[in-house]
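>>> Give me a model of this one.
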Amino acid sequence: MKKTLLLAAMVLFGLSATAQSESGFGIKGGLNYNANGDYFESAGDAARNPDRNIGYHLGIFVKIRISRIYFRPELVYTKTKSDYDGSDFDMSKLDVPLLVGVKVIGPLHLFAGPSFQYILNTEFDGITIDDINNDFTVGLNIGAGVNLGKLGIDLRYERGFSDNEANFINTNITTVGPSRIDTRPDQLILSLSLKI
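Got it, this is the predicted structure:
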């Protein structure tokens with residue numbers, strides 16, 4: 001599955017050779033606010049501890065523009081952190097969003113599309129979790145952005161389509177039995193991009 005995902009990403013980025021002059025290739029990075037399963041329930045906790053679920057992402061993109069509409073595949077490494085009852089759950093993954101966007105007015109654009117994710121690693125307070133139900137998942141990105149020349153900024157919401165849990169044996173002496181963590185993406189993503 002990993003080879004298929006990487007092959008698809010390489011083919012998509014190869015399209016940049018046939019892109020129009022307003023299209024192009026670039027790099028991106030930014031911050032993720034993650035809730036792994038339920039973003040809106042964690043909003044109150046986020047106001048009290050704003051750094052508790054902050055992660056980051058780095059990646060590359062190709063933008064193929066046709067009039068006011070564009071296609072933008074991305075390949076992004078994402079590292080997220082979530083708080084579960086005072087314990088940290090860390091996850092790293094490869095994301096491949098396939099976005100379709102439209103220029104609305106001036107530099108403002110709106111976009112949406114599926115995002116394919118491959119989970120690379122998970123860790124719950126020092127315990128490596130190997131039993132993720134699905135390493136490969138699909139989600140949805142929807143957002144808005146502004147382009148100022150070669151510089152762009154966008155804010156998007158990402159949500160996983162299906163349940164995906166990590167199972168592990170809890171090492172806490174006060175709790176007995178297996179435990180589960182919801183690993184679905186449920187996050188706000190703020191990105192800064194630079195067209196090269």
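>>> Any regions of the chain where pLDDT drops low?
Where the chain drops to pLDDT under 70, the residues are 1-22, 36-52, 84-86, 125-134, 162-185.
>>> now the helices for this structure?
Using DSSP state H, the helices of the chain run over residues 2-14, 43-48.
>>> for the chain, what spans make up the strands?
24-34, 54-66, 69-84, 87-105, 108-124, 127-128, 131-132, 136-148, 151-160, 165-169, 178-182, 186-195 (DSSP state E).
>>> and the ones you listed as JSON lines, adding mean neighbour count?
Where you see a C-beta, it was placed from the backbone N, CA and C, and this is true even at glycine. As requested, the strands of the chain are exported to JSON lines (neighbours: other CB atoms under 10 Å):
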{"stretch": "strand 24-34", "mean neighbour count": "18"}
{"stretch": "strand 54-66", "mean neighbour count": "18"}
{"stretch": "strand 69-84", "mean neighbour count": "20"}
{"stretch": "strand 87-105", "mean neighbour count": "17"}
{"stretch": "strand 108-124", "mean neighbour count": "18"}
{"stretch": "strand 127-128", "mean neighbour count": "12"}
{"stretch": "strand 131-132", "mean neighbour count": "16"}
{"stretch": "strand 136-148", "mean neighbour count": "16"}
{"stretch": "strand 151-160", "mean neighbour count": "18"}
{"stretch": "strand 165-169", "mean neighbour count": "15"}
{"stretch": "strand 178-182", "mean neighbour count": "15"}
{"stretch": "strand 186-195", "mean neighbour count": "19"}
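>>> Ala144 and Ile196, how far apart?
23 Å (CB to CB, to the nearest Å).
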